[in-house]
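# Turn this into a model:
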Amino acid sequence: MTREQQVLERIDRARARKARVKEPRITLSHGAGGKATHNLIEAIFLDAFRNPELEQLSDAASVQVGDARLAFTTDSYVVSPLFFPGGDIGELAVNGTVNDLAMAGARPLVISAGFILEEGFPTDDLRRVVASMAAAAKAAGVQIVTGDTKVVQRGKGDGCYINTAGIGVRERAVELNAANARPGDVVLVSGPIGDHGVTVMLARGELDIIADVVSDTAPLHELAAALLDAAPDTRLLRDATRGGVATILNEVATASKTAIVVDEEAVPVRPEVRGASELLGIDPLYVACEGRLVAVVPAEQADAALAALHGHPLGEGAAVIGRVGDDPPGLVLLKTTFGGTRIVDMLVGDPLPRIC
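Numbers count the residues shown, from 1 in each chain. Sure thing, here's the model as predicted:
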(Lines give C-alpha, C1' and ligand atoms only; values in the text may rest on other atoms or scores of the structure.)
Protein backbone atom coordinates (compact mmCIF):
# COMPACT_ATOMS: atom_id res chain seq x y z
CA MET A 1 0.00 0.00 0.00
CA THR A 2 1.38 3.40 -1.00
CA ARG A 3 1.69 6.31 1.43
CA GLU A 4 -1.09 8.12 -0.46
CA GLN A 5 -3.44 5.16 -0.02
CA GLN A 6 -2.64 5.03 3.69
CA VAL A 7 -3.48 8.71 4.09
CA LEU A 8 -6.77 8.30 2.20
CA GLU A 9 -7.72 5.31 4.34
CA ARG A 10 -7.06 7.26 7.53
CA ILE A 11 -9.24 10.09 6.22
CA ASP A 12 -12.04 7.62 5.42
CA ARG A 13 -11.85 6.10 8.90
CA ALA A 14 -11.91 9.51 10.56
CA ARG A 15 -14.94 10.64 8.56
CA ALA A 16 -16.79 7.39 9.23
CA ARG A 17 -16.67 7.93 12.99
CA LYS A 18 -19.84 9.14 14.66
CA ALA A 19 -19.76 12.90 15.18
CA ARG A 20 -19.02 13.94 18.75
CA VAL A 21 -18.64 17.24 20.57
CA LYS A 22 -15.58 16.72 22.75
CA GLU A 23 -15.34 20.25 24.13
CA PRO A 24 -17.03 20.77 27.53
CA ARG A 25 -18.09 24.30 26.49
CA ILE A 26 -19.09 26.00 23.25
CA THR A 27 -16.25 27.81 21.45
CA LEU A 28 -16.19 30.34 18.62
CA SER A 29 -15.18 27.49 16.29
CA HIS A 30 -18.64 25.96 16.76
CA GLY A 31 -20.07 28.95 14.87
CA ALA A 32 -17.53 29.13 12.05
CA GLY A 33 -19.26 26.77 9.62
CA GLY A 34 -16.42 24.22 9.54
CA LYS A 35 -15.71 20.90 11.24
CA ALA A 36 -16.67 22.04 14.73
CA THR A 37 -19.99 23.40 13.45
CA HIS A 38 -20.79 20.18 11.64
CA ASN A 39 -19.96 18.13 14.72
CA LEU A 40 -22.20 20.36 16.84
CA ILE A 41 -25.09 20.07 14.38
CA GLU A 42 -24.83 16.32 13.89
CA ALA A 43 -24.02 15.28 17.45
CA ILE A 44 -26.46 17.53 19.30
CA PHE A 45 -29.10 19.19 17.12
CA LEU A 46 -29.57 16.57 14.43
CA ASP A 47 -29.43 13.77 16.98
CA ALA A 48 -32.25 15.40 18.97
CA PHE A 49 -34.46 16.71 16.16
CA ARG A 50 -33.81 14.05 13.50
CA ASN A 51 -36.26 13.88 10.59
CA PRO A 52 -35.85 13.31 6.83
CA GLU A 53 -36.08 17.00 5.92
CA LEU A 54 -33.60 18.15 8.55
CA GLU A 55 -31.13 15.41 7.61
CA GLN A 56 -30.57 17.09 4.24
CA LEU A 57 -28.92 20.03 6.07
CA SER A 58 -29.93 22.40 3.28
CA ASP A 59 -30.04 26.19 3.43
CA ALA A 60 -33.84 25.98 3.50
CA ALA A 61 -36.30 23.21 4.28
CA SER A 62 -38.92 22.07 1.76
CA VAL A 63 -42.47 22.27 3.10
CA GLN A 64 -45.60 21.06 1.32
CA VAL A 65 -48.80 22.95 2.21
CA GLY A 66 -51.66 21.66 0.10
CA ASP A 67 -50.56 22.11 -3.49
CA ALA A 68 -48.02 24.77 -2.57
CA ARG A 69 -44.32 23.83 -2.44
CA LEU A 70 -42.66 26.19 0.00
CA ALA A 71 -39.15 26.79 1.29
CA PHE A 72 -38.58 27.80 4.90
CA THR A 73 -35.37 29.09 6.45
CA THR A 74 -34.08 30.83 9.57
CA ASP A 75 -30.84 32.61 10.42
CA SER A 76 -29.24 34.84 13.04
CA TYR A 77 -26.82 37.73 12.58
CA VAL A 78 -24.18 38.75 15.12
CA VAL A 79 -21.70 40.55 12.85
CA SER A 80 -19.15 42.83 14.47
CA PRO A 81 -18.92 45.71 13.71
CA LEU A 82 -22.59 46.39 12.94
CA PHE A 83 -21.65 48.82 10.14
CA PHE A 84 -18.92 48.02 7.61
CA PRO A 85 -17.92 49.14 4.11
CA GLY A 86 -20.61 48.02 1.69
CA GLY A 87 -23.31 47.15 4.21
CA ASP A 88 -24.50 46.66 7.77
CA ILE A 89 -26.20 44.06 9.94
CA GLY A 90 -29.68 45.03 8.72
CA GLU A 91 -28.96 44.68 5.01
CA LEU A 92 -26.99 41.51 5.73
CA ALA A 93 -29.94 39.94 7.58
CA VAL A 94 -32.37 40.52 4.73
CA ASN A 95 -29.99 39.46 1.96
CA GLY A 96 -28.83 36.38 3.84
CA THR A 97 -32.41 35.17 4.35
CA VAL A 98 -33.35 35.88 0.74
CA ASN A 99 -30.27 33.98 -0.43
CA ASP A 100 -30.99 30.90 1.67
CA LEU A 101 -34.41 30.67 0.02
CA ALA A 102 -32.93 31.29 -3.43
CA MET A 103 -30.42 28.45 -2.96
CA ALA A 104 -33.41 26.12 -2.54
CA GLY A 105 -34.71 27.25 -5.92
CA ALA A 106 -37.47 29.32 -4.28
CA ARG A 107 -38.84 32.78 -4.96
CA PRO A 108 -38.63 34.68 -1.64
CA LEU A 109 -41.92 36.06 -0.36
CA VAL A 110 -41.88 37.16 3.28
CA ILE A 111 -39.47 37.31 6.19
CA SER A 112 -39.59 37.96 9.93
CA ALA A 113 -37.25 40.14 11.98
CA GLY A 114 -36.43 39.52 15.63
CA PHE A 115 -34.20 42.02 17.43
CA ILE A 116 -32.17 41.39 20.58
CA LEU A 117 -31.00 44.80 21.76
CA GLU A 118 -28.60 45.65 24.55
CA GLU A 119 -29.55 48.30 27.09
CA GLY A 120 -27.83 51.52 26.06
CA PHE A 121 -27.80 50.80 22.32
CA PRO A 122 -28.18 54.17 20.48
CA THR A 123 -31.64 54.62 19.01
CA ASP A 124 -30.13 56.45 16.03
CA ASP A 125 -28.13 53.31 15.22
CA LEU A 126 -31.30 51.23 15.50
CA ARG A 127 -33.11 53.58 13.10
CA ARG A 128 -30.18 53.23 10.69
CA VAL A 129 -30.29 49.41 10.87
CA VAL A 130 -34.06 49.30 10.40
CA ALA A 131 -33.93 51.71 7.45
CA SER A 132 -31.26 49.53 5.85
CA MET A 133 -33.43 46.44 6.32
CA ALA A 134 -36.43 48.19 4.79
CA ALA A 135 -34.41 49.28 1.76
CA ALA A 136 -32.93 45.79 1.30
CA ALA A 137 -36.37 44.17 1.56
CA LYS A 138 -37.80 46.57 -1.02
CA ALA A 139 -34.89 45.89 -3.38
CA ALA A 140 -35.36 42.13 -3.02
CA GLY A 141 -39.13 42.30 -3.45
CA VAL A 142 -39.95 40.79 -0.05
CA GLN A 143 -41.96 42.06 2.89
CA ILE A 144 -41.08 42.01 6.58
CA VAL A 145 -44.41 40.79 7.95
CA THR A 146 -43.75 39.92 11.59
CA GLY A 147 -41.13 40.33 14.27
CA ASP A 148 -40.14 40.53 17.90
CA THR A 149 -37.99 42.70 20.16
CA LYS A 150 -36.15 41.80 23.35
CA VAL A 151 -33.83 43.99 25.43
CA VAL A 152 -31.06 42.54 27.60
CA GLN A 153 -29.11 44.24 30.38
CA ARG A 154 -26.10 46.39 29.62
CA GLY A 155 -23.05 44.18 29.19
CA LYS A 156 -25.17 41.09 28.41
CA GLY A 157 -25.19 41.56 24.63
CA ASP A 158 -23.24 43.33 21.92
CA GLY A 159 -25.50 46.17 20.86
CA CYS A 160 -27.79 44.44 18.38
CA TYR A 161 -28.40 40.90 17.19
CA ILE A 162 -30.99 40.05 14.54
CA ASN A 163 -32.82 36.77 13.93
CA THR A 164 -34.79 36.21 10.74
CA ALA A 165 -36.98 33.58 9.17
CA GLY A 166 -38.10 33.47 5.57
CA ILE A 167 -40.69 31.76 3.39
CA GLY A 168 -40.50 31.36 -0.37
CA VAL A 169 -42.44 29.47 -3.02
CA ARG A 170 -40.73 26.73 -5.04
CA GLU A 171 -42.13 27.15 -8.54
CA ARG A 172 -39.62 24.86 -10.27
CA ALA A 173 -39.53 21.08 -10.10
CA VAL A 174 -35.76 21.11 -9.56
CA GLU A 175 -34.42 19.34 -6.46
CA LEU A 176 -31.17 20.92 -5.31
CA ASN A 177 -29.09 18.73 -3.01
CA ALA A 178 -25.40 18.20 -2.26
CA ALA A 179 -25.83 14.47 -2.85
CA ASN A 180 -26.85 15.09 -6.49
CA ALA A 181 -23.35 15.83 -7.82
CA ARG A 182 -22.09 13.36 -10.43
CA PRO A 183 -18.67 12.73 -12.01
CA GLY A 184 -18.27 15.01 -15.01
CA ASP A 185 -20.25 17.88 -13.48
CA VAL A 186 -18.82 21.39 -13.49
CA VAL A 187 -18.36 23.72 -10.49
CA LEU A 188 -18.97 27.46 -10.90
CA VAL A 189 -18.79 30.50 -8.65
CA SER A 190 -20.69 33.67 -9.46
CA GLY A 191 -17.85 36.10 -8.81
CA PRO A 192 -14.74 36.99 -6.78
CA ILE A 193 -14.68 35.32 -3.38
CA GLY A 194 -13.71 36.48 0.10
CA ASP A 195 -14.79 40.13 -0.15
CA HIS A 196 -17.17 40.12 2.80
CA GLY A 197 -15.05 38.28 5.35
CA VAL A 198 -11.96 40.36 4.68
CA THR A 199 -13.96 43.60 4.70
CA VAL A 200 -15.49 42.89 8.11
CA MET A 201 -12.19 41.76 9.58
CA LEU A 202 -10.42 44.95 8.47
CA ALA A 203 -13.36 47.14 9.58
CA ARG A 204 -12.68 46.15 13.19
CA GLY A 205 -9.52 48.25 13.09
CA GLU A 206 -7.56 45.69 15.09
CA LEU A 207 -4.98 45.19 12.34
CA ASP A 208 -2.71 47.73 10.71
CA ILE A 209 -3.86 46.75 7.22
CA ILE A 210 -5.44 49.11 4.71
CA ALA A 211 -7.20 47.61 1.69
CA ASP A 212 -9.81 49.01 -0.69
CA VAL A 213 -12.41 46.24 -0.22
CA VAL A 214 -16.15 46.32 0.45
CA SER A 215 -18.64 43.62 1.36
CA ASP A 216 -20.32 41.79 -1.51
CA THR A 217 -23.65 41.47 0.36
CA ALA A 218 -26.46 41.26 -2.20
CA PRO A 219 -29.73 39.38 -2.86
CA LEU A 220 -29.08 36.46 -5.20
CA HIS A 221 -32.62 35.27 -6.02
CA GLU A 222 -32.74 36.82 -9.51
CA LEU A 223 -29.26 35.52 -10.35
CA ALA A 224 -30.20 32.03 -9.13
CA ALA A 225 -33.42 32.09 -11.16
CA ALA A 226 -31.52 33.06 -14.31
CA LEU A 227 -29.07 30.22 -13.78
CA LEU A 228 -31.85 27.66 -13.20
CA ASP A 229 -33.64 28.84 -16.34
CA ALA A 230 -30.45 28.30 -18.36
CA ALA A 231 -29.41 25.06 -16.61
CA PRO A 232 -32.59 23.32 -15.40
CA ASP A 233 -30.69 20.20 -14.33
CA THR A 234 -28.49 22.10 -11.88
CA ARG A 235 -27.45 19.75 -9.08
CA LEU A 236 -26.83 22.24 -6.31
CA LEU A 237 -26.81 25.92 -5.38
CA ARG A 238 -25.19 27.27 -2.21
CA ASP A 239 -24.24 30.75 -1.05
CA ALA A 240 -20.68 30.69 0.21
CA THR A 241 -21.10 32.18 3.69
CA ARG A 242 -19.43 30.76 6.82
CA GLY A 243 -16.60 28.40 5.90
CA GLY A 244 -16.43 29.80 2.37
CA VAL A 245 -16.27 27.93 -0.93
CA ALA A 246 -13.99 25.23 0.48
CA THR A 247 -16.53 24.12 3.08
CA ILE A 248 -19.34 23.96 0.53
CA LEU A 249 -17.26 21.81 -1.81
CA ASN A 250 -16.36 19.46 1.05
CA GLU A 251 -20.04 19.09 1.88
CA VAL A 252 -20.78 18.23 -1.76
CA ALA A 253 -17.92 15.74 -2.06
CA THR A 254 -18.92 13.99 1.15
CA ALA A 255 -22.66 13.86 0.43
CA SER A 256 -22.27 12.70 -3.19
CA LYS A 257 -19.26 10.43 -2.56
CA THR A 258 -17.38 12.13 -5.37
CA ALA A 259 -14.07 13.94 -5.73
CA ILE A 260 -13.96 17.62 -6.61
CA VAL A 261 -10.88 19.01 -8.32
CA VAL A 262 -10.44 22.79 -8.18
CA ASP A 263 -8.08 24.80 -10.37
CA GLU A 264 -6.49 27.42 -8.10
CA GLU A 265 -5.71 29.75 -11.01
CA ALA A 266 -9.38 29.70 -12.07
CA VAL A 267 -10.73 30.83 -8.68
CA PRO A 268 -11.58 34.56 -8.92
CA VAL A 269 -10.10 36.57 -6.03
CA ARG A 270 -9.59 40.31 -6.06
CA PRO A 271 -5.91 41.30 -5.64
CA GLU A 272 -6.79 43.37 -2.56
CA VAL A 273 -8.53 40.39 -0.94
CA ARG A 274 -5.72 38.03 -1.83
CA GLY A 275 -3.12 40.42 -0.41
CA ALA A 276 -5.05 40.99 2.81
CA SER A 277 -5.66 37.24 3.18
CA GLU A 278 -1.95 36.54 2.84
CA LEU A 279 -1.16 39.12 5.54
CA LEU A 280 -3.85 37.57 7.77
CA GLY A 281 -2.55 34.06 7.08
CA ILE A 282 -5.86 32.74 5.73
CA ASP A 283 -6.92 31.09 2.48
CA PRO A 284 -9.61 32.99 0.49
CA LEU A 285 -11.30 29.64 -0.20
CA TYR A 286 -12.36 29.60 3.46
CA VAL A 287 -13.41 33.25 3.69
CA ALA A 288 -17.12 34.07 3.78
CA CYS A 289 -18.99 35.76 0.96
CA GLU A 290 -22.48 37.28 1.27
CA GLY A 291 -23.23 37.82 -2.41
CA ARG A 292 -21.69 34.83 -4.18
CA LEU A 293 -23.16 31.47 -5.04
CA VAL A 294 -21.56 28.15 -5.85
CA ALA A 295 -23.28 25.98 -8.46
CA VAL A 296 -22.73 22.40 -9.58
CA VAL A 297 -24.19 21.79 -13.04
CA PRO A 298 -24.03 19.02 -15.66
CA ALA A 299 -21.17 19.53 -18.11
CA GLU A 300 -23.53 19.88 -21.08
CA GLN A 301 -25.29 22.83 -19.40
CA ALA A 302 -22.18 24.54 -18.03
CA ASP A 303 -21.76 27.00 -20.93
CA ALA A 304 -25.39 28.08 -20.70
CA ALA A 305 -25.13 28.44 -16.93
CA LEU A 306 -21.98 30.56 -17.18
CA ALA A 307 -23.54 32.76 -19.86
CA ALA A 308 -26.61 33.30 -17.66
CA LEU A 309 -24.41 34.35 -14.75
CA HIS A 310 -22.38 36.71 -16.94
CA GLY A 311 -25.63 38.27 -18.17
CA HIS A 312 -26.55 39.50 -14.68
CA PRO A 313 -24.73 42.36 -12.89
CA LEU A 314 -24.07 40.16 -9.84
CA GLY A 315 -22.54 37.41 -11.99
CA GLU A 316 -20.21 39.36 -14.28
CA GLY A 317 -17.16 37.84 -12.59
CA ALA A 318 -18.46 34.26 -12.67
CA ALA A 319 -16.02 31.48 -13.51
CA VAL A 320 -15.70 27.72 -13.83
CA ILE A 321 -13.38 26.72 -10.99
CA GLY A 322 -13.43 22.93 -11.06
CA ARG A 323 -14.97 19.61 -11.97
CA VAL A 324 -16.48 16.65 -10.21
CA GLY A 325 -14.65 13.33 -10.47
CA ASP A 326 -15.00 9.90 -8.95
CA ASP A 327 -11.69 9.33 -7.14
CA PRO A 328 -10.76 9.76 -4.35
CA PRO A 329 -14.40 9.88 -3.16
CA GLY A 330 -15.28 12.43 -0.52
CA LEU A 331 -12.28 14.69 -1.04
CA VAL A 332 -11.65 18.14 -2.51
CA LEU A 333 -8.34 18.53 -4.31
CA LEU A 334 -6.71 21.78 -5.38
CA LYS A 335 -4.43 22.00 -8.40
CA THR A 336 -2.05 24.69 -7.23
CA THR A 337 -0.48 27.44 -9.28
CA PHE A 338 2.87 25.66 -8.75
CA GLY A 339 1.68 22.50 -10.52
CA GLY A 340 1.09 20.41 -7.41
CA THR A 341 -2.05 19.01 -5.85
CA ARG A 342 -3.18 19.26 -2.23
CA ILE A 343 -6.23 18.30 -0.21
CA VAL A 344 -8.60 21.12 0.72
CA ASP A 345 -10.22 19.96 3.94
CA MET A 346 -13.18 21.47 5.78
CA LEU A 347 -12.44 24.58 7.83
CA VAL A 348 -10.81 23.98 11.21
CA GLY A 349 -11.04 26.69 13.87
CA ASP A 350 -12.44 30.18 13.36
CA PRO A 351 -9.98 32.53 11.63
CA LEU A 352 -12.62 35.26 11.15
CA PRO A 353 -15.18 35.20 13.99
CA ARG A 354 -18.45 37.20 13.93
CA ILE A 355 -18.49 37.96 10.20
CA CYS A 356 -22.26 37.40 9.73
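# Just the buried positions in whichever helix or strand Thr74 is part of, please.
Assigned by DSSP states H and E, Thr74 belongs to strand 68-77. Buried residues in strand 68-77, defined by neighbour count with 16 or more other Cβ atoms under 10 Å: 69-73, 75, 77. (C-beta placed from N, C-alpha, C; glycine too.)
# Save those residues as a markdown table, and put in distance to Glu264 and pLDDT too.
Below are the buried residues of strand 68-77 laid out as a markdown table (distance: Cβ to Cβ, whole Å; pLDDT from 0 to 100):
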| residue | distance to Glu264 | pLDDT |
| --- | --- | --- |
| Arg69 | 39 | 93 |
| Leu70 | 39 | 96 |
| Ala71 | 34 | 96 |
| Phe72 | 37 | 97 |
| Thr73 | 32 | 97 |
| Asp75 | 30 | 96 |
| Tyr77 | 31 | 97 |
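# Closest to His221 out of those residues?
Of all these, Ala71 has the smallest distance to His221: 10.9 Å, by Cβ to Cβ.
# and the strand holding Thr74, what does it pack onto?
strand 61-65, helix 89-102, strand 160-169 (3 or more Cβ pairs under 8 Å, 6 or more residues apart in numbering; DSSP states H and E).
# Can you list the strands that the last one pairs with?
Taking DSSP bridges as the criterion, strand 160-169 forms sheet pairs with strand 68-77 (antiparallel), strand 107-118 (antiparallel).
# can you redo those strands as TSV with distance to Gly168?
Listed next are the strands paired with strand 160-169 as TSV, based on distance: least, Cβ to Cβ, whole Å:
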stretch	distance to Gly168
strand 68-77	4
strand 107-118	4
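# quick one, which of those is nearest to Cys160?
That would be strand 107-118 among the strands paired with strand 160-169, by Cβ to Cβ, at 5.6 Å.
# still on that earlier bit, just flag the most distant two among the buried residues of strand 68-77.
Arg69 and Tyr77 (27.2 Å).
# how long is stretch 53-64 end to end?
11 Å (Cα to Cα, to the nearest Å).
# Just give the closest residue to Val169, not the sequence neighbours.
In space, and not counting its chain neighbours, Val169 is closest to Arg107: 5.3 Å by Cβ to Cβ, 6 or more residues apart in numbering.
# can you map out the strands along this protein?
Using DSSP state E, the strands of the chain run over 61-65, 68-77, 83-84, 87-88, 107-118, 143-152, 160-169, 186-189, 236-239, 259-263, 293-297, 319-325, 332-335, 341-343.
# out of the ones you listed, deepest packed?
Among the strands of the chain, ranked by average contacts under mean count of other Cβ atoms under 10 Å, first place goes to strand 293-297 (a mean of 27).
# Show me the contact partners of that one.
99, 102-103, 180-181, 185-190, 220, 223-224, 227, 231, 233-240, 245, 248-249, 252, 305, 324 (Cβ atoms under 8 Å, 6 or more residues apart in numbering).
# Stretch 266-273 too?
The list of residues contacting stretch 266-273 from outside it, by Cβ under 8 Å, 6+ apart, reads 189, 191-195, 198, 211-213, 245, 277, 284-285, 287, 317-322.
# if we go to 7 Å?
Residues from elsewhere that reach stretch 266-273 (Cβ atoms under 7 Å, 6 or more residues apart in numbering): 189, 191-195, 198, 211-213, 284-285, 317, 319-321.
# Show me where the stretch 201-350 of the chain has its helices.
221-230, 244-256, 271-280, 302-310 (DSSP state H, counting those that start in this stretch).
# and the last one, how far from the chain's centre?
For helix 302-310, the distance between its averaged C-alpha position and the chain's averaged C-alpha position is 21 Å (Cα atoms, centre = their mean, to the nearest Å).
# what do you get for stretch 324-336?
20 Å.
# which residues sit against that stretch?
8, 15, 181-185, 187, 246, 249-250, 253-254, 257-264, 296, 341-344.
# Can you get me the start-to-end distance on it?
Separation of the first and last residues of stretch 324-336 by Cα to Cα is 17 Å.
# quick one on the thing from earlier: do you know which of the strands paired with strand 160-169 lies nearest Ala60?
Here strand 68-77 is closest among the strands paired with strand 160-169 (Cβ to Cβ), at 3.8 Å.
# picking up where we left off before, and the contacts of the strand holding Thr74?
With Cβ under 7 Å, 6+ apart as the criterion, strand 68-77 contacts 59-63, 89, 92-93, 96-97, 100-101, 104, 106, 161-170, 356.
# tally of neighbours for the closest residue to Ala304 other than its chain neighbours?
Closest residue to Ala304 apart from its sequence neighbours, by Cβ to Cβ, 6+ apart: Ala230 at 4.3 Å. For Ala230, the neighbour count with other Cβ atoms under 10 Å is 18.
# Report the angle between the longest helix belonging to the chain and helix 221-230.
The residue-count maximum for a helix in the chain (DSSP state H) belongs to helix 123-140. Angle between the axes of helix 123-140 and helix 221-230 is 20 degrees (criterion: axes from the mean of the first three to the mean of the last three Cα atoms, to 10 degrees).
# which other residues reach helix 123-140?
Under Cβ under 7 Å, 6+ apart, the answer for helix 123-140 is 82, 88-91, 93-95, 98, 108, 113, 117, 143-144, 160, 219, 221.
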